[in-house]
Structures are given as structure tokens and as C-alpha cells.
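>>> The following comprises the amino acid sequence and a computationally predicted model.
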Amino acid sequence: MARYSVLKGFYDVEQTIGSGGFAKVKLGTHCLTKEKVAIKIMEKSRLGDDLPRVKIELEALKNLPHQNICKLYQVIETESHYYLILEYCSGGELFDHIVERNRLEEKQARVFFRQIVSAVAFLHDKGYAHRDLKPENVLLDKEKNLKLIDFGLCAKPQPGLDSFLYTSCGSPTYAAPELILGQKYLGSEVDIWSLGILLYALLCGVLPFDDENIDSLYRKILSGRYEESSCLSLESKRLIRSMLQVDPKKRITIDDLLSHPWLMKGFKEPVTKLCLHKVHEKDPSCLSVMAEYYRVSVDVMWSKLNSWTYDYNTATYMLLLSKKQRGLPIKLY
Ligand SMILES: CN(C)C[C@H]1CC[C@H](N2C(=O)N(C)Cc3cnc4ccc(-c5cc(Cl)c(O)c(Cl)c5)nc4c32)CC1
């Protein structure tokens, strides 16, 4: 069997653009629209006890349509593999974007941080906690919009986000004190701590708590003491301090962040936690292009699409919508 034969004719598979843990991510082209996609490939045999994380990520990506969350277009499952067809982010990782510039000016950091806060507030509103927020999991698309990725560690506690979690997970450098102490914690509160680390990294280009030795790293995190480097304005210092509170009960909440003075500076509106596009909207022009291509009526085409099974039709339709939103011709090849 040729490699990835299940994709043949639907996607041209190109170079590997990254790999992480149990997944390989390749660049691909959706054959009908010629749109670039990212294809996350996971071999079932190598997933082991990480298999549940795939299901968790799938459900999260399907339930969380938001302008700053990476879009899922299609899911393909075979005997041996999972393939996730995802929105391609040509701007790469936010982490590299910061490193290239040493650090970001407050103005640019604010534009980015508002987008991350919007995505996290949306997640929390839907009862999810990401639990692995870090610059490596925030990507940039062509228009420099931020896209949150990697929902393999996210949690959607059944009773609701105000119920405690216990699994210790995520990267130690970004992990909240209560999480590394192995105490029960609230997903929303650990995400706020990680947002504080993220904002510090955006503004200073380094991490507030860092150490090769894991024990001294833990001691630093538990102390809550970090260097307030000179590049931070007084307001930035105050905002970061309100997120990097060792006592989770003293930490600022995501709702307070939405209209915090630092985030409002230069903006009229608070950060929105809403998804700005209509989910699964019925777009007549995209619909008719697909109906014509498949030689079926618009109604038959819509009935195939309206079940949103994340099959090839879902991917084609969403990619056509994306082309239309970017003012490109709605065309199938
Ligand atoms: C460090 N991580 C554990 C994996 C790493 C893999 C490459 C990826 N990437 C890159 O690193 N570029 C530099 C290019 C790039 C471009 N577009 C992408 C679009 C989506 C994703 C993506 C990856 C994963 Cl593992 C997901 O779960 C989701 Cl929801 C989305 N990764 C992309 C991606 C970034 C993350």
C-alpha cells in the first residue's frame, strides 16, 4: 500500500512541517480547492494510552469554532491511522515570532494577547480548559491572526468548569503552582496562570520561571517570585502580577481580563469571547459551486453537507467558505 493511500486524489501530501509527541504534521493541498492544509497524522499502534487524547482533541476541535482556534476540516480514520485535516498556519509558531524579534512592543503584544484571551474565554465559556497554553501552541496564519492548537490535553469536566481537576499535565515551565503540587485545581485558574507566562514571554522574550533543574524550577514557580524586567511598563507589571498569583483564588478571572485597562488601551471594545462567524452557515454561492461540480441539486448537496460529518464534503465546503471570506474566487478544479 502506498503511504497515506487513503488521502490519494483528495489531498496532495507534501513535506513534514513539524512533529510533536505521537503525531507528525505534514503540509498538504486540498485537490478540489488547491487550498493548503495541515495534516496531523497519528499511528494508532504508537498512540498507546494517548489514544483517548485523540478523541478529546477531535471533540474539542469540532465543538470549538472560533476565529482564533485552529479549524478542523476533515477526520479520516483507518485501521492503522488517524488523519486530522486542519487549517494551515503559514506564519508558524508564535514562539519563533517572538524569538526572531527578541521581544514584542507593548502595542503588538496587546494585539496578539487580545486574540489569545478571546480564544481562551471562548473555550472556558464552552466548559473547556486548554491546560497546555504556551507560545509553541499558538500559531500565526497568513494574515498574522493567532490560532490556538493542540487540544490533546484539554479538559471538559462533566459537571462544569467550576469542578476540580486532578490530572497533572502540560509543560512544567508554564504549569501553575497548584498543578505542580499535585493539588486539585480548576482548569480555568491554571489557564490564567499560563496566560500570565505567555504575556511575560511576549513582552520580555524570556520566561519568568526557568531552570534546567526541575526542582529549582518548581521552587521558583512555588515562590511566585520572578524578575520584573525593565522592559515592562507599570501597567504590564500589574497585569502580569494579577495572573501570576500563587494562590489561585487571588488570580484575575478571564472575564475580568476581557475589559482590563491594559487590554483596552487603544481599543474601544472589550475582548469578545464570541465566535465571529456563523457556524455551519448555508452559503448559496459555495453550495451552488459544489452542487454543480457533483451534478446534484442544491438541496441534495445541502442535505449531504448539513450532517457535518467532517468528511471530504465538509472540508471542501469550509475551504470554499474560507476562500470567499478572503475575497478569492470560489472555484473547484
Ligand atoms: C510542538 N507540537 C506538539 C507539535 C507541532 C507540530 C507542527 C505544528 N506546525 C508547525 O510547527 N509549523 C511551523 C507549521 C504549522 C502550520 N500549520 C499548522 C496547522 C495546524 C497545526 C496543528 C498541530 C497540532 Cl499537533 C494540533 O494538535 C493542531 Cl490542533 C494543529 N500545526 C501547524 C504547524 C505545530 C505544533
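On my side now, so go ahead.
>>> quick one: the strands in the stretch 101-250 of the chain?
Taking DSSP state E, counting those that start in this stretch as the criterion, the stretch 101-250 of the chain contains strands spanning 138-140, 146-148.
>>> Can you tell me which helices and strands the last one packs against?
Based on contacts counted as 3 or more CB pairs under 8 Å, 6 or more residues apart in numbering; DSSP states H and E, the elements that strand 146-148 packs against are helix 106-125, strand 138-140. To be clear about C-beta, it is placed using only N, CA and C from the backbone, and glycine gets the same treatment.
>>> what about Glu43, how many neighbours?
Residue neighbour count, defined by other CB atoms under 10 Å, stands at 12 for Glu43.
>>> contacting residues for it?
Contacts for Glu43 (CB atoms under 8 Å, 6 or more residues apart in numbering) come out as Phe22, Ser80, His81.
>>> out of the helices and strands packed on strand 146-148, which comes closest to Phe95?
strand 138-140 (7.8 Å; CB to CB).
>>> by contact count, what packs against the closest one?
Checked by 3+ CB pairs under 8 Å, 6+ apart, strand 138-140 has strand 92-93, helix 94-101, strand 146-148 packed alongside it.
>>> sorry, back to before: packed most tightly, which of the helices and strands packed on strand 146-148 would that be?
When these are scored by mean count of other CB atoms under 10 Å, the highest mean neighbour count falls to strand 138-140 (a mean of 24).
>>> For the chain, what lies in contact range of the ligand?
By the criterion of CB under 6 Å from any ligand atom, the positions of the chain lying close to the ligand are 17-21, 23, 25, 38, 40, 57, 70, 86, 88-89, 92-93, 136, 139, 149-151.
>>> let's see 8 Å
Residues of the chain that fall close to the ligand, judged by CB under 8 Å from any ligand atom: 17-21, 23, 25, 27, 38, 40, 57, 61, 70, 72, 84, 86-90, 92-93, 96, 136-137, 139, 147, 149-152.
>>> Derive a ChimeraX selection command for the buried subset of these.
To isolate the buried ones among these in ChimeraX, judged by 16 or more other CB atoms under 10 Å, type:
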select :17,23,25,27,38,40,57,61,70,72,84,86,87,88,89,93,136,137,139,147,149,150,151,152
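>>> Out of the residues of the chain next to the ligand, list just those in helices.
When those are checked against helices using DSSP state H, the ones located there are Glu57, Leu61, Asp96.
>>> ok, what's across the strand from the one residue sitting closest to the centre of the chain?
For the chain, Leu148 is the residue whose C-alpha lies nearest the centre (CA atoms, centre = their mean; 1.8 Å). Listed by DSSP bridges, the beta-bridge partners for Leu148 are Ile69, Val138.
>>> which residues of the protein score low on pLDDT?
Counting by pLDDT under 70, the chain contains low-confidence ranges at 1.
>>> hmm, try it at 80
In the predicted model of the chain, residues 1-2, 20-21, 158-159, 166-170 satisfy pLDDT under 80.
>>> can you map out the helices along it?
Assignment of helices within the chain using DSSP H yields the ranges 44-47, 51-63, 94-101, 106-125, 177-180, 187-204, 214-223, 234-243, 254-258, 261-264, 284-293, 298-305, 312-325.
>>> Quick check: which of the ones you listed is buried the most?
Note that of the helices of the chain, helix 187-204 is the most buried (mean count of other CB under 10 Å), with a mean of 25.
>>> Packing partners of that helix?
Under the contact criterion of 3+ CB pairs under 8 Å, 6+ apart, helix 187-204 touches helix 94-101, helix 106-125, helix 177-180, helix 234-243, helix 254-258.
>>> at 6 Å instead, please
Judged by 3 or more CB pairs under 6 Å, 6 or more residues apart in numbering; DSSP states H and E, the packing partners of helix 187-204 are helix 106-125, helix 234-243.
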